[in-house]
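Visitor: need coordinates for the following:
(chains A and B)
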Amino acid sequence: MIPEFGHFALLLALPVAVLVGVLALVGAQKNHARWMALAKPGTRLLAFLVTLAYLCLTQAFVANDFSVLYVAQHSNSLLPLAYRIAGVWGGHEGSLLLWMLMLVWWAALVSVFSRPLAAPMLARVLGTLCLVAFGFLLFILLTSNPFTRLLPGVAEGRDLNPLLQDPGLILHPPLLYMGYVGFSVAYAFAVAALLAGQLDAAWARWSRPWTTMAWGFLTLGIALGSWWAYYELGWGGWWFWDPVENASFMPWLAGTALIHSLAVTEKRGSFKNWTVLLAISAFSLSLLGTFLVRSGVLTSVHAFAADPARGIFILAFLATVVGLSLVLFVWRAPKVGLGGRFGLFSRESLLLSNNVILVVATATVLLGTLYPLLIDALNLGKLSVGPPYFNAVFVPIMAPLLFLMGIGPFLRWKAASAQEIVLRLKWALVAALAIAVLLPMLIYGDAWPLVNLGIFLAAWILIAAVLHFSRQVWTTRGSSNLLTAVLRQPLHFWGMHLAHIGVAVFVAGVAIVGGYEEEKDVRMAPGEIVTLSGYEFRFMGVLPVKGPNYEALQGEVELWKNNRLIRRLRPEKRFYRSSAMPMTEAAIDTGFFGDLYVSLGEPLDRARPEGEWAVRVYSKPLVDWIWGGCFLMAFGGLLAVCDRRYRQSRRRSTPDPLTVKTSP
Amino acid sequence: MKARHERLLLIAGGLVALGLMAAFVLHALKDNLSLFYAPAEVLAGKAPRDRAFRIGGLVEAGSLVRQPDGVSVRFVVTDMQERVTIQYKGILPDLFSEGRGVVAQGKLDDQGLFIASEVLAKHDENYMPPEVAAALEKAHQEGAGDANAQTLPPQQLPQ
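Guide: Residues are numbered from 1 along each chain as shown, chains lettered A, B, ... in the order given. You can find the predicted model right below:
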């Protein structure tokens, strides 16, 4: 009964979404106050219905209702409760419902935190979001209904893919979707601005925290996915340029460009059209990502069984969204206007370079990801674009961006003096160069150009950020003591520098792990030792252990350094009872300066698991800095969102005049 | 006048930079494409001899042999028409299994042995990477593999 109830709630949501969407948009255009007033309660009703449907599906999972096809395919009565709840998004239908849930929650949040927003603007934003929700609801109901019954029901479900039975499943998809779907808010704001033909600083101030928030979630979601792949897949890599990873990386790149372009629009009123176009691109790339993942055109850990109808629907939806937005853009952009002028060397021009570089980067990822699909669609053969392509193009594209990142904050809006910048930053440059040359030699004994380049950029960003921060503290200090002056800095300022330092930490991690990681595949008999990066890995043998829904062979590897036992690592080879699929669980000694990583291959003789094994050991210096850096970026974003001026403008009903001189 | 010249120069410089970037990106793309071939195409000499490509098919049952060094393996991939032996040093992915689909990236050596640098066994619930499914489909349509195809358990055939 409960699944039917959920299905009914979804069916009911469909007319609600389309009615509220159309009435709100038409009402805003015709200045019809009653119709516009429908937007808020309508959006909340939609959120309520979708949440209800979502809870019904969760209930079916928790209660092991295997008469629901989707539950029977993705759950099992032996599955621990946490994975039954997370298993809701372990397959295609449920993950779309999660997507839907996030979308209506974002819309409901906009409806709550929007009191000072002018009624037509709010109606347009919510109306656009409702129409997007309508498209997705239609998609779910027509091609991917999670409530379809399996009659007669089965006694036992097929179980969740063992790869997904990991805490990563609980966190990675919701965070990633929060980011993906969050860009729909930025998109809705952009569409609203186009429809109104009006885009001012107040608009940018409104759209900014939402965009930054979505960007922060996306950053965390991607980082978690990368970390999950690192420890779960047993290959020790943190990024594979897998098409699905690229699908999440493209909206991130466009979103990063967007949050910087929004800064210019808010502070200076420039880049208006460009900002709108970026907002449309970021959301379109999110949809493209959904298409790539859900249509089954790709081979990937993320690809679910292919169903051509789904692919065609998403492609049509994508074409509609992109097509309509671009038509709207071409039609209305001249009204929105370009905004103010600026000098060749100014903060605006540097942010413009940031945008151009990020867009070029997005385009290269797009090219590498879509090219094989294009060739295949034209029947010209099957091919793939390997990681070397992305690695080769990314370094030269991103290096200038990272260099400019150090300079950017020092530049004044409108026109800056090059001499002043040289004066302020020459010692920082010298210091960063010295660190880049000396540090790898001193610590690791050798170096090559790419490592030097990475260290240089990381040191440069870090030094410049600290320098700029202390300068700001110094000039605003007045008579107060140093600590209060530091704490009094606005949160958006802290946020920017933390996020930039996060990039520095990330780059340092990438450079060092790329330059100095070591790996060995070896055969090991119990008692044998392999040495890697000054550590001894002593293989002690393998014992059988039992998990809740799997049997495992657990190895014991002692980690020694300088004749001292540091840790016992226990990598596992698991066999899940319901799916007969083996799973490698690597054991990792995580440390600030790097990880030591052991994973079990196979026994050389399957009949004698107590004998010799193929074992893989890695040393990954500074690898955790990669995810730590991403965390800092997201945290910086969060701080920026909490800045006082967004809260203030929430209380006031009239927007402030353009603030021009908030920072030098 | 001077400001205008400056701006023109900047635009020209920007265009040149973008052009160079595009040329560089396309060159990198061209160098790093790897084409996919089925075993029958490899034996027919269609696959390149001097550069890396991808090969895919089913891992023939009983063909997996561990080499004396303990970490290298050899196995045979087949598209039900022809067979190619693959050598790989390293640990095979979890989803690798005899009778299931696999894709390997690497090069042919002089003896026609495929030296893989990477073995991928990423696939959907039907244990079939799309490339492999297409290759089997093609072999099946050409009608050469019918006798062999029967040895394959039916649930592992592409649907």
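
Visitor: in the chain, what spans have low per-residue confidence?
Guide: Chain wasn't specified; assuming chain A. Flagging of chain A using pLDDT under 70 yields the residue ranges A:295-308, A:338-340, A:648-664.

Visitor: nope, chain B
Guide: Going by pLDDT under 70, which is the cut-off in play, chain B has low-confidence ranges at B:1-3, B:122-130, B:142-159.

Visitor: in space, what's closest to residue B:54 - neighbours in sequence excluded?
Guide: What sits nearest to residue B:54 in space, not counting adjacent residues and going by Cβ to Cβ, 6 or more residues apart in numbering or on different chains, is residue B:36, at 4.6 Å. Where C-beta positions appear, they are placed from N, C-alpha and C, glycine not excepted.

Visitor: how about the secondary structure of residue 102?
Guide: As the question left the chain open, I've gone with chain A. For residue A:102, the secondary-structure state derived from DSSP: H, G, I helix; E, B strand; the rest coil is helix.

Visitor: to clarify, I was referring to chain B.
Guide: Secondary structure of residue B:102, reduced to three states by three-state DSSP: strand.

Visitor: quick check: residue A:575 vs residue A:584, distance?
Guide: 11 Å (Cβ to Cβ, to the nearest Å).

Visitor: which of those two has more residues huddled nearby?
Guide: residue A:584 (20 against 16; other Cβ atoms under 10 Å in any protein chain shown).

Visitor: where do the strands of the stretch 251-400 of chain A begin and end?
Guide: Taking DSSP state E, counting those that start in this stretch, the strands of the stretch 251-400 of chain A run over residues A:383-385.

Visitor: my bad, the stretch 451-600 of chain A
Guide: With DSSP E, counting those that start in this stretch, the ranges of strands along the stretch 451-600 of chain A come out as A:518-524, A:529-532, A:535-546, A:550-561, A:564-569, A:572-576, A:582-585, A:587-589, A:594-603.

Visitor: in chain B, what residue comes closest to chain A?
Guide: residue B:70 (2.7 Å; Cβ to the nearest Cβ).

Visitor: neighbours of the closest residue to chain B within the stretch 1-150 of chain A, how many?
Guide: The stretch 1-150 of chain A approaches chain B most closely through residue A:73 (8.5 Å), counting by Cβ to the nearest Cβ. Residue A:73: 21 surrounding residues under other Cβ under 10 Å.

Visitor: what of residue B:43?
Guide: When neighbours are defined as other Cβ under 10 Å, residue B:43 has 15 of them.

Visitor: quick one, what contacts it?
Guide: With contacts defined as Cβ atoms under 8 Å, 6 or more residues apart in numbering or on different chains, residue B:43 is in contact with B:82, B:84.

Visitor: ok, residue B:66 - how many residues close by?
Guide: Number of residues near residue B:66 (other Cβ under 10 Å) recorded here: 16.

Visitor: where does it fall, phi/psi-wise?
Guide: Backbone geometry at residue B:66, expressed as degrees, to the nearest 10, gives phi -80, psi 140.

Visitor: so it sits right up against residue A:603, yeah?
Guide: No: Residue B:66 is not in contact with residue A:603 according to Cβ atoms under 8 Å; the separation is 10.1 Å.

Visitor: leaving out sequence neighbours, find the closest residue to residue A:581.
Guide: Of all residues beyond its chain neighbours, the one nearest residue A:581 is residue A:162 (5.2 Å), with distances taken as Cβ to Cβ, 6+ apart.

Visitor: if I look at that neighbour, how far off is residue A:71?
Guide: Per Cβ to Cβ, residue A:162 is found 17 Å from residue A:71.

Visitor: which one of the two has more residues nearby?
Guide: In terms of neighbours (other Cβ under 10 Å), residue A:71 is the more surrounded of residue A:162 and residue A:71; the figures are 30 against 21.

Visitor: what's in contact with stretch A:460-479?
Guide: So stretch A:460-479 is in contact with A:402-403, A:405-407, A:409-410, A:424-425, A:428-429, A:431-432, A:482, A:485-486, A:488-489, A:493, A:497, A:500-501, A:503-504, A:507, A:663-664, going by Cβ under 8 Å, 6+ apart.

Visitor: scratch that, stretch A:309-328
Guide: With contacts defined as Cβ under 8 Å, 6+ apart, stretch A:309-328 is touched by A:92, A:132, A:135-136, A:139, A:142-144, A:187, A:190-191, A:194-195, A:280, A:283-284, A:287-288, A:290-291, A:294-297.

Visitor: and chain B, which residues reach chain A?
Guide: Residues of chain B that fall close to chain A, judged by Cβ under 8 Å from any Cβ of the partner chain: B:6-7, B:10, B:14, B:18, B:21, B:24-25, B:28-29, B:31-36, B:54, B:66, B:69-71, B:89-95, B:103, B:105, B:120, B:122-126, B:129-131, B:134.

Visitor: phi, psi of residue A:110?
Guide: With angles defined as degrees, to the nearest 10, residue A:110 sits at phi -60, psi -40.

Visitor: what residues of the longest helix along chain B count as buried?
Guide: Identified as the longest helix of chain B according to DSSP state H is helix B:2-31. The neighbour-count criterion (16 or more other Cβ atoms under 10 Å in any protein chain shown) identifies B:21, B:25, B:28, B:29 as the buried residues of helix B:2-31.

Visitor: now the third one. Nearest residue, chain neighbours left out?
Guide: In this structure, residue B:28 finds its nearest non-sequential neighbour in residue A:392, 4.4 Å apart by Cβ to Cβ, 6+ apart.

Visitor: tell me which residues touch that neighbour, please.
Guide: If you count contacts by Cβ under 8 Å, 6+ apart, residue A:392 has them with B:28, B:31, B:32.

Visitor: which helices and strands sit right next to the helix or strand hosting residue A:635?
Guide: Counting by DSSP states H and E, the element that carries residue A:635 is helix A:623-641. Contacts of helix A:623-641 with other secondary structure elements, assessed using 3 or more Cβ pairs under 8 Å, 6 or more residues apart in numbering or on different chains; DSSP states H and E, are made with helix A:201-232, helix A:491-516, strand A:594-603.
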